[in-house]
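K.L.:
The following block contains a protein sequence and its predicted model.
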Amino acid sequence: MLIGLTGGIGSGKTTIANALRERGYEVYDTDSAAKRLVMTSPVRQAIENLLGEDVYDGDRYISSKVAQRVFANAGLLQQLNDIIHPVVRQDLKQTAQEHNKGLLFVESAILYESGFDLECDYIIAVIAPKPLRIARTMARDNKTEEQVKSRIKAQMSNCQLRHRADYVVENNGKMTVTQLVDKLMRHLRKKNFITQ
Ligand code: ATP
């Protein structure tokens, strides 16, 4: 069974995903998968054709260069996504088939935008208030408030995420991560998604 784990920048997806890993659950991270898959030859070829060979330096994918090229060019970004997302989705499908034991969580900031949600049986949104997300991201990434705000603007809103999710983890500082994950586990047990 595939359970999507999504949320905007700084909401706490990775924090919750890591807590799930600590409890023995497997988490497929679509971002790491994309980073791995852009190095495989057909994908690399397609990206080089689209953006130029110099977005790779030997065995390195220079994501800052890619970001520069697609920044402010929605068409190019769409074409890049059309190369990467289907490959990640296929890889996720294969991982899910091989997994075949209990739950597999799928962490993705772009779960809906990429179509990965269509592979999921159940979706969890990690939601935190905007000021907290800004403060946490600024502390984590050394970004300015404006940079974080513009990222937030480009993503789905908390309201949209809340509306589309089957379950919401309220990562607003009122409960510890352990308490949030305990509560999530109780919910998943109630749904009979897990037994222990
Ligand atoms: P992104 O989409 O940007 O990768 P994310 O949703 O994965 O963000 P995290 O990296 O999990 O978010 O969290 C953002 C920052 O906030 C991290 O530095 C993390 O340690 C911190 N953080 C998240 N949740 C909590 C919490 N409940 N208490 C304290 N710090 C937290």
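P.N.:
Received it, and whenever you're ready, just let me know what you need. Residues are numbered from 1 along each chain as shown.
K.L.:
Name the next helix or strand downstream of the helix ranked longest in the chain, please.
P.N.:
The residue-count maximum for a helix in the chain (DSSP state H) belongs to helix 74-99. Remark: after helix 74-99, the chain's next helix or strand is strand 104-107, criterion DSSP states H and E.
K.L.:
Who are the packing partners of that next one?
P.N.:
Secondary-structure packing of strand 104-107 (3 or more C-beta pairs under 8 Å, 6 or more residues apart in numbering; DSSP states H and E): strand 2-6, helix 13-22, strand 26-29, helix 30-37, helix 74-99. Just so you know, the C-beta spots here come from the backbone N, C-alpha and C atoms, and that holds for glycine as well.
K.L.:
by contact count, what packs against the fourth one?
P.N.:
Contact here means 3+ C-beta pairs under 8 Å, 6+ apart; on that basis helix 30-37 packs against helix 74-99, strand 104-107.
K.L.:
Turn the ones you listed into TSV, columns for mean pLDDT and distance to residue 126.
P.N.:
Listed next are the helices and strands packed on helix 30-37 as TSV, based on pLDDT from 0 to 100; distance: least, C-beta to C-beta, whole Å:
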stretch	mean pLDDT	distance to residue 126
helix 74-99	96	19
strand 104-107	98	9
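K.L.:
hey, which of those is tucked in deepest?
P.N.:
Compared across the helices and strands packed on helix 30-37, strand 104-107 shows the largest average neighbour count, a mean of 24 (mean count of other C-beta atoms under 10 Å).
K.L.:
Flag every buried residue along the next helix or strand after that one.
P.N.:
Using DSSP H and E, the helix or strand that follows strand 104-107 towards the C-terminus is helix 111-114. By 16 or more other C-beta atoms under 10 Å, the buried positions in helix 111-114 come out as 111-112, 114.
K.L.:
and which of those residues is nearest to the ligand?
P.N.:
Comparing the buried residues of helix 111-114 against the ligand with C-beta to the nearest ligand atom places residue 111 closest, at 11.3 Å.
K.L.:
show me the residues around the closest one that make contact.
P.N.:
By C-beta atoms under 8 Å, 6 or more residues apart in numbering, the contact set of residue 111 is 4-6, 30, 117, 120, 123.
K.L.:
Next up, the contacts around residue 130.
P.N.:
Applying C-beta under 8 Å, 6+ apart, the residues near residue 130 are 152, 158.
K.L.:
Offset the numbering so it begins at 33, please.
P.N.:
With the count now opening at 33, the last piece we talked about shows up as residue 162.
K.L.:
Pull up the per-residue confidence for it.
P.N.:
Residue 162 is assigned 97 on the pLDDT scale.
K.L.:
Could you list the residues of the protein in contact with the ligand?
P.N.:
39, 41-47, 141, 168-169, 172, 203, 209 (C-beta under 6 Å from any ligand atom).
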